[in-house]
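S.K.: Predicted coordinates and the sequence they were generated for:
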There are 2 protein chains.
Amino acid sequence: MRAFHATCLAVACVSLLAIDARAATQDTPSRSQIIKESKPAEWHVLDPANTLYMYLPKGVVVIDLAPSWAPAHVANLKTLVQERYFDDTSVYRVVDNFVVQWGDPNAEDPKKAKSMGKAKKTLPPEFERQVTASMPFVKLDSPDAYAPEVGFSGDFPVGIDPKAHTAWIAHCYGTVGVSRDIAPDSGNSNTLYAVIGTARRIDRNLAVVGRVVQGMPLLSSLPRGPADNMGVYHDLGKATPILKVRLATDLPKGQRLPLEIMRTDSPSFQRLVQAAAHRHDAFYKTSLGHIGLCAALPPVRPVPK
Amino acid sequence: MRAFHATCLAVACVSLLAIDARAATQDTPSRSQIIKESKPAEWHVLDPANTLYMYLPKGVVVIDLAPSWAPAHVANLKTLVQERYFDDTSVYRVVDNFVVQWGDPNAEDPKKAKSMGKAKKTLPPEFERQVTASMPFVKLDSPDAYAPEVGFSGDFPVGIDPKAHTAWIAHCYGTVGVSRDIAPDSGNSNTLYAVIGTARRIDRNLAVVGRVVQGMPLLSSLPRGPADNMGVYHDLGKATPILKVRLATDLPKGQRLPLEIMRTDSPSFQRLVQAAAHRHDAFYKTSLGHIGLCAALPPVRPVPK
């Protein structure tokens, strides 16, 4: 793995993961050890202007937004949040090993749907973005079924098609996207989903707006909806209420959760990936040589005091 | 994708997935359509001698055992089941995005542990098996982070190392393995786990005994255990009781659940893989060209009447 910017896509990018053989001949450090030894500058605090809190009865789900990847969808989502569109909606669809979905369960019924206020009803598809020189990219040396190249761009796991110069956020655990109807422009951020299982197969076909960085168990452990109704609860009374959704900047500082995420271009993140790919210790006998994209997500923690 | 036996590993095995371009230029059939059009002979009924039923308060979990892959562990598991070792034990560990674990929560406490009767306390590691000429293998044309080659062997998703002539069942959703301590021979099937999340990184380091083919939501939606206790509930009163575990052959025929699984060497399974890899329809705009191993598991259904 090596940090480089997108211009590197045109040249050979040697992977440090592949050439560091020492790790296989000695015990690899544990994940917690590497995190403990990391330096403060190797983390960054989540940007409050791009952090959503979704309050459920049992706790809060924190979403790290990705405005560079779906700018129109993220902007519309912020408008909806600031209009309190999501307050008193619900998580009403839970598909085992796939996604949970939330918003207004009556959004498609003109008579019952909540007003979207100033938010737009349709948006241009933002399923992929162009690779630009300013796009950060840390390549992961890992064969992948769904993308010619994979790695991390800022906080997010991404796939890249170097020939087409396109990139997209991968549907790893916790990825948050925008549900839509058949028409590619029918998504408008009033209905969102989070990945709770195997979902890479929908990469590049939906707009991704961020990733859940805290609170996934509040979503992943919800009762599954019926397969005969695509996971939507027949009885919406069983849906999980969403008390409110707020942008961190719209909360008093005392109510914000100070979280930081490890920088994916940091040496400690590289150590984490190396250790995972070449794990060898008392318990672990056969190291696999690689780690999959979705198994290498950057750690998130409360900002140390 | 092409069905072949293990002797084919020494020669080039052309993948039909890679060369069938037609699928990308017309709407792909849906999964349900392909299943509907499949022939009865493309399915096989689960072998009752290798099918476990685990009865939980809210329903039954059905496990398709893999005796060819971990013969000693499966034999010991059957002994334990027939001694009713698992009756009145519990699912006491739930790690978000990883595994659930069950058995006797006091198994490691000599004073409280249930008797294992005639079952063995230690077993030789069976983390991988040798590739033999009689081992079925249907290769999947899909780059994979954890194995040089992947595909299906009978009912199971597997990785293969052609150079070492070894193979192993992959830790996809629903894979059931044997927990162990540090020592590789310390697993004895008295404590099992099922994959509910991202777990390929433990491939080749634990013995796999089968796969859950029905009832996963009963496990995947359980409340997560605390991270500070490796997902083991502090209060074991919150563990999910296991009422009983039975081998299908030990039940009266009227109590068996007649399930069948699609043969992975059948034309319809190949159609399913093709359609998933080259999906193109009104909703789905960009087909990815491949489907990951764990996203291509063979379907299971009640035997049609």
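M.R.: Cool, the structure landed.
S.K.: C-alpha only now, for contacts and for neighbours.
M.R.: OK.
S.K.: what does stretch A:222-241 contact?
M.R.: By CA atoms under 8 Å, 6 or more residues apart in numbering or on different chains, the residues outside stretch A:222-241 that reach it are A:56-57, A:88-96, B:217, B:221-222.
S.K.: That stretch: end-to-end distance?
M.R.: 12 Å (CA to CA, to the nearest Å).
S.K.: count of residues packed around residue A:286?
M.R.: Burial measure for residue A:286: 17 neighbouring residues, criterion other CA atoms under 10 Å in any protein chain shown.
S.K.: Helix or strand with the lowest mean pLDDT in chain A?
M.R.: helix A:16-19 (a mean of 34; mean pLDDT, DSSP states H and E).
S.K.: Keep only those of the contacts of stretch A:222-241 that are in strands.
M.R.: Judged by DSSP state E, the contacts of stretch A:222-241 include A:56, A:89, A:90, A:91, A:92, A:93, A:94 as members of strands.
S.K.: would a markdown table of these with neighbour count and pLDDT be doable?
M.R.: Converted to a markdown table, the ones in strands among the contacts of stretch A:222-241 look like this (neighbours: other CA atoms under 10 Å in any protein chain shown; pLDDT from 0 to 100):
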| residue | neighbour count | pLDDT |
| --- | --- | --- |
| A:56 | 20 | 98 |
| A:89 | 21 | 98 |
| A:90 | 22 | 98 |
| A:91 | 25 | 98 |
| A:92 | 25 | 98 |
| A:93 | 27 | 98 |
| A:94 | 29 | 98 |
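S.K.: I'd like these as TSV, with distance to residue A:270 appended.
M.R.: As requested, the ones in strands among the contacts of stretch A:222-241 are exported to TSV (distance: CA to CA, whole Å):
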residue	distance to residue A:270
A:56	35
A:89	40
A:90	39
A:91	36
A:92	38
A:93	37
A:94	34
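S.K.: ok, so of those, who is nearest chain B?
M.R.: residue A:94 (10.0 Å; CA to the nearest CA).
S.K.: how about stretch A:99-112, does it reach chain B?
M.R.: No: Stretch A:99-112 lies out of reach of chain B by CA under 8 Å from any CA of the partner chain, never closer than 11.8 Å.
S.K.: outside of that stretch, which residues touch it?
M.R.: Residues contacting stretch A:99-112 (CA under 8 Å, 6+ apart): A:86, A:89-94, A:113-114, A:179, A:190-197, A:199, A:219-220.
S.K.: which ones are touching the residue of chain A at minimum distance from chain B?
M.R.: For chain A and chain B, the shortest gap (CA to the nearest CA) falls at residue A:221, measuring 4.1 Å. By CA under 8 Å, 6+ apart, the contact set of residue A:221 is B:220, B:221, B:222, B:223, B:224.
S.K.: Could you measure from it over to residue A:58?
M.R.: For residue A:221, the distance to residue A:58 - CA to CA - is 12 Å.
S.K.: Then residue A:264?
M.R.: Taken as CA to CA, the span from residue A:264 to residue A:58 is 31 Å.
S.K.: Over to residue A:131?
M.R.: In terms of CA to CA, residue A:131 sits 40 Å off from residue A:58.
S.K.: So for the two, which sits in the more crowded spot?
M.R.: Neighbour count, other CA under 10 Å: between residue A:131 and residue A:58, residue A:131 has more, with 21 against 10.
S.K.: Give me the phi and psi for the more buried one.
M.R.: phi -80, psi 130 (degrees, to the nearest 10).
S.K.: same check, this time on residue A:256
M.R.: Dihedral angles for residue A:256 - degrees, to the nearest 10 - are phi -80, psi 150.
S.K.: neighbours of it, just the number please.
M.R.: For residue A:256, the neighbour count with other CA under 10 Å is 15.
S.K.: so what's it closest to, chain neighbours aside?
M.R.: residue A:248 (6.1 Å; CA to CA, 6 or more residues apart in numbering or on different chains).
S.K.: Same check on residue A:247?
M.R.: By the measure of CA to CA, 6+ apart, the closest residue to residue A:247 outside its immediate chain neighbours is residue A:52, 4.6 Å from it.
S.K.: Tell me what angle the strand or helix carrying that neighbour forms with strand A:89-94.
M.R.: According to DSSP states H and E, residue A:52 maps onto strand A:51-56. With axes from the mean of the first three to the mean of the last three CA atoms, to 10 degrees defining the directions, strand A:51-56 sits at 80 degrees from strand A:89-94.
S.K.: can you list the weak-confidence ranges in chain A?
M.R.: Scanning chain A for pLDDT under 70 picks out A:1-26.
S.K.: Go ahead and flag the most central residue of it.
M.R.: residue A:211 (2.5 Å; CA atoms, centre = their mean).
S.K.: residues contacting it?
M.R.: Contact partners of residue A:211, counting by CA under 8 Å, 6+ apart, are A:63, A:64, A:65, A:66, A:156, A:174, A:175, A:176, A:194.
S.K.: can you redo these as TSV with distance to residue B:298 and neighbour count?
M.R.: Compiled in TSV, those are given as follows (distance: CA to CA, whole Å; neighbours: other CA atoms under 10 Å in any protein chain shown):
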residue	distance to residue B:298	neighbour count
A:63	34	25
A:64	35	24
A:65	35	27
A:66	35	21
A:156	31	23
A:174	25	25
A:175	26	24
A:176	27	26
A:194	25	29
